[in-house]
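**Student:** Please find the sequence and the predicted model below.
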Amino acid sequence: MKSNVCVIGAGSWGTALAISLSKKGHNVNLWMRNEAQFLQIKKTRENIKYLPGVILPDNIKLFSNIQDGVMNTDVILLTVSSQSVRQVIQSFKEVVCEKQIIVNAAKGIENTTLLRISEVVKEELPRNAFAVLSGPSHAEEVCRDMPTTLVVASHSKSVAEYIQDVFISPKLRVYTNPDVIGVELGGALKNVIALGAGISDGLGFGDNAKAALMARGITEISRLGQAMGADVNTFAGLSGIGDLIVTCTSMHSRNRRCGIQIGEGKKLEDAMDSIGMVVEGVVTTAGTYELAEKFNVDMP
């Protein structure tokens, strides 16, 4: 089954997913906001800033005009930062048709509204089917065909199964889940704990402290998730404890790396600048605090 997919965002995750999809034979459009990045990748077929050494297959078409990239595709895959999702959708929504499926792979909440990304998409594109793609997955491994598992969640079983078929490959196993709320919250909130795990590492607190932080962290995430209508079992799966483990323990994790530098004494702004990519855990911490207050959930 060949599909036409537009990947919105050419950071590490967007680029890795574009490469994975293209290897399956899908027609892939990759849109990027930065004109200099567009020209560089067009010339070298390599995303030097985010995934150096990985060559983009020829069947990935590059776009700097977002409306051109989106038109005549079956799936629109959002990989921009969670705080940019609404603005980006507004820039292409006038050319979207109802049959196109919106898939979000960004992990966060919209801080100004405390809405999950599915709720943001629903406000902007109320007639389009939606799915969220999440799970323990570093772009640096996916782009190199290292075994990875993901979960796709949608309120529609047929949509979830279609997106599962689009992404699944011998090295990329994809499971389905009807719990959109749980999958979104697991993917977003684990970044807060990963930031804390990095701070613990930077302070030299050791494995015992980090294990405690992770275990108590998933308990708090589950607690908030239940209050917001999620299935508690979701947090024991790939988008819960699975994603938490990989983000808290790997040096591929920008949240953990940022936390390490904070723990070592670097100022937050300097730590974020040194990472060179969006550190979702930083912005999600504020939103999560407000959600905990709103739903009266204890999340120390």
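**Tutor:** Noted; the coordinates are in hand.

**Student:** Show me which residues of stretch 122-138 are buried.
**Tutor:** Within stretch 122-138, the residues scored as buried using 16 or more other CB atoms under 10 Å are 124-125, 128-138. Just so you know, the C-beta spots here come from the backbone N, C-alpha and C atoms, and that holds for glycine as well.

**Student:** whoops, I mixed them up, stretch 22-29
**Tutor:** Quick answer for stretch 22-29 (16+ other CB under 10 Å): 22-24, 26-29.

**Student:** Strands along the stretch 1-150 of the chain, start to end?
**Tutor:** 4-8, 27-31, 60-63, 75-78, 101-104, 109-110, 115-116, 130-134, 148-153 (DSSP state E, counting those that start in this stretch).

**Student:** Excluding chain neighbours, what is closest to the residue nearest the centre of the chain?
**Tutor:** In the chain, the residue lying closest to the centroid (CA atoms, centre = their mean) is residue 106, at 3.0 Å. Among residues not flanking residue 106 along the chain, residue 82 sits closest, at 4.7 Å (CB to CB, 6 or more residues apart in numbering).

**Student:** Can you get me a residue count around that neighbour?
**Tutor:** Residue 82 is flanked by 27 other residues according to other CB atoms under 10 Å.

**Student:** Same check on the one 4 residues further on?
**Tutor:** As a burial measure, the neighbour count of residue 86 was computed by other CB under 10 Å and equals 18.

**Student:** check contacts around it.
**Tutor:** 110, 120, 123-124 (CB atoms under 8 Å, 6 or more residues apart in numbering).

**Student:** And the helices in this structure?
**Tutor:** 12-23, 35-44, 66-70, 85-92, 117-124, 139-142, 157-167, 180-202, 206-227, 243-249, 254-263, 268-275, 280-294 (DSSP state H).

**Student:** Between strand 27-31 and the first one, find me the angle.
**Tutor:** Between the direction of helix 12-23 and that of strand 27-31, the angle (axes from the mean of the first three to the mean of the last three CA atoms, to 10 degrees) works out to 160 degrees.

**Student:** helices and strands around helix 12-23, which ones?
**Tutor:** Where contact means 3 or more CB pairs under 8 Å, 6 or more residues apart in numbering; DSSP states H and E, helix 12-23 is packed against strand 4-8, strand 27-31, strand 60-63, helix 139-142, helix 157-167.
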